[in-house]
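In: Build me a model from this:
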Amino acid sequence: GYVVYSLLENSNGEIWAGTSEGLVCLNKDRLTPVLFTTADGLPSDIICGLAEDEKKNIWISTHQGISKLNPPEKKFINYYAGDGLQGNEFTRTAVFKDKRGKIFFGGTNGVTAFYPQDITEIKKEMIETERLILRPWQENDAGALFKYACDPDIGPIAGWPPHTSVENSCEIIRTVFAAPETYAVVLKQTGEPIGSCGIMFANGLHSANMKDGEAEIGYWIGKPYWGQGLIPEAVKALLTRCFNELKLDAVWCGYYDGNTKSKRVCEKCGFKYHHTNSEVISPLGDKRTEHFYNMVKEDYNAIIESYQ
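Out: Here you go, the predicted model:
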């Protein structure tokens, strides 16, 4: 049977139960309970805490982040550690709403507290190029991600281990790929994610020694799509976003010694060599040499003018 961790009666008189198997809704006019699970959009089936806001949305803490449910639309919007939460794992029954409507969810790394009306739905940009769509990663992309990221020729040369399972890829989507400005590289022709790219800032995961107003671009693509110019196409689109929309002053790009494909991307996109760091400890724990390229706003403007 289900283990019940939290209960809530909402303003419509419905009883909501957070359980070990998902979110259950009991309606006084309907004897059969309705069960919501990850298949419906929840980030996890382990539901820890429940609270209702003034707009009658149900806020849900889980073992994999927080979700907001619009009950009439049955639509979930999920938030993860990359969005600013204390972490992804929350604690059962650790929920409180004060008189002003502020919601508190307790978790394994502290408390996440917020006014629901202050949470704006910041839609991550969807960027379109000639052959690609760059869009936020979704959990149902896990199968495609694993297909390419399990290849030992993809991750280790960039400093990350091959994915070990679809579940591992799904966890990466929920955590690492939940960071702002992280995009699935989707081939228009097939609609399949074939790689990843993103803009990393000084307050997040990055390699370059950056100042405020600067960012680093990272990328990879599945082996069947090497040599087709797809990643340069994606990176050029990210550069446009960096300089024209995010109003950055400089953008960095780095690669480990021996990654000649990444070096060619830097050069094709107009980055200029800046410096090399030796004896760098990679995320895999080994020592490597890392080369850094950068581009400042003036360089970008000159490249754009040369196209015209």
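In: Residue 73 belongs to a strand?
Out: No - with DSSP: H, G, I helix; E, B strand; the rest coil as the criterion, residue 73 is assigned coil and is not in a strand.
In: Let me see the contact set for the nearest residue to residue 38 once chain neighbours are set aside.
Out: Nearest residue to residue 38, sequence neighbours excluded (C-beta to C-beta, 6 or more residues apart in numbering): residue 45, at 5.6 Å. Backbone N, C-alpha and C define where each C-beta goes, glycine included. Contacts here follow C-beta atoms under 8 Å, 6 or more residues apart in numbering; on that basis residue 45 touches 20, 21, 22, 37, 38, 62.
In: neighbours around the fourth one, how many?
Out: Neighbour count of residue 37, defined by other C-beta atoms under 10 Å: 13.
In: Can you name the residues that contact it?
Out: Residue 37 neighbours (C-beta under 8 Å, 6+ apart): 21, 22, 23, 45.
In: before we move on, the earlier item: what does the residue nearest to residue 38 show for phi and psi?
Out: Backbone torsions of residue 45, given as degrees, to the nearest 10, read phi -90, psi -10.
In: any idea of the pLDDT on it?
Out: Predicted confidence (pLDDT) for residue 45: 91.
In: hmm, back to that, top of the contacts of residue 45 by neighbour count?
Out: Going by other C-beta under 10 Å, residue 62 tops those with 24 neighbours.
In: Could you list the low-confidence segments of the chain?
Out: Where the chain drops to pLDDT under 70, the residues are 1, 81-83, 120-125, 203-207, 308.
In: Show me where it has its helices.
Out: Applying DSSP state H to the chain gives helices spanning 142-149, 166-174, 230-240, 260-268, 297-307.
In: Adding mean neighbour count, write those out as CSV.
Out: Compiled in CSV, the helices of the chain are given as follows (neighbours: other C-beta atoms under 10 Å):
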stretch, mean neighbour count
helix 142-149, 20
helix 166-174, 19
helix 230-240, 21
helix 260-268, 17
helix 297-307, 12
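In: what's the closest of the ones you listed to residue 188?
Out: Between residue 188 and those, the shortest separation by C-beta to C-beta is 10.6 Å, and it involves helix 230-240.
In: That closest one packs against which elements?
Out: Packing partners of helix 230-240 (3 or more C-beta pairs under 8 Å, 6 or more residues apart in numbering; DSSP states H and E): strand 132-135, strand 182-187, strand 193-201, strand 214-221, helix 260-268.
In: would TSV of these with distance to residue 283 be doable?
Out: Listed next are those as TSV, based on distance: least, C-beta to C-beta, whole Å:
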stretch	distance to residue 283
strand 132-135	24
strand 182-187	16
strand 193-201	13
strand 214-221	12
helix 260-268	15
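In: Nearest to residue 236, out of these?
Out: helix 260-268 (8.7 Å).
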